[in-house]
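1. show me how the following folds:
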Amino acid sequence: MASEKAILDCQNNLSHLSQLQDNTCFIEPTGKNQWRISSKEKPTIQVHVHLNEMSGVATRLNWRQVFE
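-> Numbering: from 1, shown residues only. Alright, predicted model coming up:
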């Protein structure tokens, strides 16, 4: 539950990450307007999102749980 909350916070604030209180996830660019967000919490959840430049809305493309 904490992992999903962290992912949602990062996803919803992707266009203005500097305003986040705590950075609870890893964010990596994967292509034009596409980002991979991974939670720092265990179990690790990873999502791929597309960020619309015009509206600033991030749309989740897929997600997975990372197994170590």
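
2. residues in contact with stretch 59-68?
-> 7, 11, 34, 38, 43-50, 52 (Cβ atoms under 8 Å, 6 or more residues apart in numbering). Heads up, the C-betas are built off the backbone N, CA and C, glycines and all.

3. strands - which of those land there?
-> Gln34, Ser38, Ile45, Gln46, Val47, His48, Val49, His50 (DSSP state E).

4. got these as TSV, with distance to Gly56 and pLDDT columns?
-> As requested, those are exported to TSV (distance: Cβ to Cβ, whole Å; pLDDT from 0 to 100):
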residue	distance to Gly56	pLDDT
Gln34	15	95
Ser38	21	94
Ile45	22	94
Gln46	22	95
Val47	17	96
His48	18	96
Val49	12	95
His50	12	95
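
5. could you identify the buried members of these?
-> Ser38, Ile45, Gln46, Val47, His48, Val49 (16 or more other Cβ atoms under 10 Å).

6. what residues does the last one make contact with?
-> In this structure, Val49 makes contact with Gln11, Leu14, Gln34, Trp35, Ile37, Ala58, Thr59, Arg60, Leu61, judged by Cβ under 8 Å, 6+ apart.

7. related to what we said a few turns ago, widest-spaced pair of the contacts of stretch 59-68?
-> Largest separation among the contacts of stretch 59-68 by Cβ to Cβ: Pro43 and Asn52, giving 29.0 Å.

8. what pairs with the closest residue to Cys10 other than its chain neighbours across the strands?
-> Nearest residue to Cys10, sequence neighbours excluded (Cβ to Cβ, 6 or more residues apart in numbering): Cys25, at 4.3 Å. In this entry, Cys25 is beta-bridged to Ser39, by DSSP bridges.

9. correct me, but Cys25 touches Thr44?
-> No - assessed by Cβ atoms under 8 Å, Cys25 is found out of contact with Thr44, at 9.6 Å.
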